[in-house]
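# Next one to model:
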Amino acid sequence: MPELPEVEVTRRSFAHRILGARIVASEPGLPLRWPLGRAADELVGQTVRAVDRRGKYLLLMLDEGVLLVHLGMSGSLAFRPDLPPPGKHDHFDLVTTQGTLRLHDPRRFGAVVWSPALDADPARKLLSTLGMEPLGEQFDPAAFYAGLRRRRAPIKQVLLAGDVVVGVGNIYASEALFTAGIRPTTRADRLSRARSDRLHAAVRQVLARAVERGGSTLRDFSSAVGESGHFQLEAAVYGRGGQPCVVCATPLRQIRQGQRSTFFCPVCQRA
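Numbers count the residues shown, from 1 in each chain. The predicted structure is shown next:
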């Protein structure tokens with residue numbers, strides 16, 4: 001699943017290219033998770049004023065309203081002036097004067113939704129439950145600690161839930177917990193302020209590095225200009241169950257948490 005780093009990499013790969021483009025056609029394919037919310041031809045003539053991000057939603061700010069784009073479980077965006085005709089897994093084309101933005105999504109869990117404003121529904125409903133942005137100034141250590149103190153679930157599950165901090169997907173939660181020296185099964189409300197601060201710094205460090213490395217391409221992720229990510233090549237624990245820890249050489253363990261694989265070092269992450 002594309003997580004926050006992959007979505008941010010996607011945004012950066014086409015935001016400057018589509019800025020100021022005028023929409024000349026809007027061509028939905030098979031229905032996605034939610035309806036567009038406006039007649040597709042009513043987008044024609046509008047200009048893309050900015051491309052922002054909130055959590056794993058890309059926000060295309062238009063003259064009138066905003067398009068919220070979510071990549072779902074397996075989606076990706078492409079933006080080029082010379083895209084071929086859409087295939088069976090291409091479910092939305094936004095044709096502009098500067099190229100076509102296409103959502104490719106084999107599993108159709110993605111979405112393209114129009115909202116009149118970010119503070120109006122459906123955008124308000126979709127974004128209101130999201131936690132703090134881990135790469136933004138609002139990611140405050142004290143607020144992060146306060147959020148963890150309210151949760152009795154294992155810390156790995158709390159990171160994935162997205163209501164305390166948004167966008168820390170499975171690979172990045174495992175990596176951040178290893179960096180902070182915290183076992184993924186530790187209850188969130190039992191972390192001290194010092195350990196919470198270490199995890200706060202680790203989350204920011206890991207996600208920033210993932211963005212720098214173009215995200216993680218575990219299956220078929222690529223940016224809007226077709227570039228693969230490389231963060232997975234330097235993962236310390238994720239996907240390395242049974243292999244030696246890069247710090248202490250102890251065999252790494254793999255467990256299941258909430259139907260997801262978790263990787264950790266039993267020595268470096270004692271509690």
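# got a list of what the closest residue to residue 127 other than its chain neighbours touches?
Closest residue in space to residue 127, ignoring its immediate chain neighbours: residue 54 at 5.3 Å, by Cβ to Cβ, 6 or more residues apart in numbering. C-beta: built from backbone N, CA, C; applies to glycine. Residue 54 is in contact with 118, 127, 130, 133, 166, counting by Cβ atoms under 8 Å, 6 or more residues apart in numbering.
# What strands line up against the host helix or strand of residue 112, and which way round?
Element membership of residue 112 [criterion: DSSP states H and E] is strand 111-115. Strand 111-115 pairs in its sheet with strand 66-70 (antiparallel), by DSSP bridges.
# ok, then the element right after the partner strand?
Next element after strand 66-70 (DSSP H and E): strand 76-80.
# What residues of that following strand count as buried?
76-80 (16 or more other Cβ atoms under 10 Å).
# Surely residue 206 touches residue 172?
Yes: the pair residue 206 / residue 172 is scored as a contact, 5.3 Å apart, by Cβ atoms under 8 Å.
# joint contacts of those two?
With Cβ under 8 Å, 6+ apart as the test, residue 206 and residue 172 reach no residue in common.
# related to what we said a few turns ago, what about the residue nearest to residue 127, distance to residue 135?
12 Å (Cβ to Cβ, to the nearest Å).
# just residue 10 next, same as before
15 Å.
# Also residue 216?
On the measure of Cβ to Cβ, residue 216 and residue 135 end up 16 Å apart.
# between these two, which one's more packed in?
residue 216 (27 against 17; other Cβ atoms under 10 Å).
# Relative to residue 240, how far out is the more buried one?
Going from residue 216 to residue 240 by Cβ to Cβ gives 14 Å.
# circling back to that earlier point, cross the contacts of residue 54 against helices and list the overlap.
The helices, defined by DSSP state H, take in residue 127 from the contacts of residue 54.
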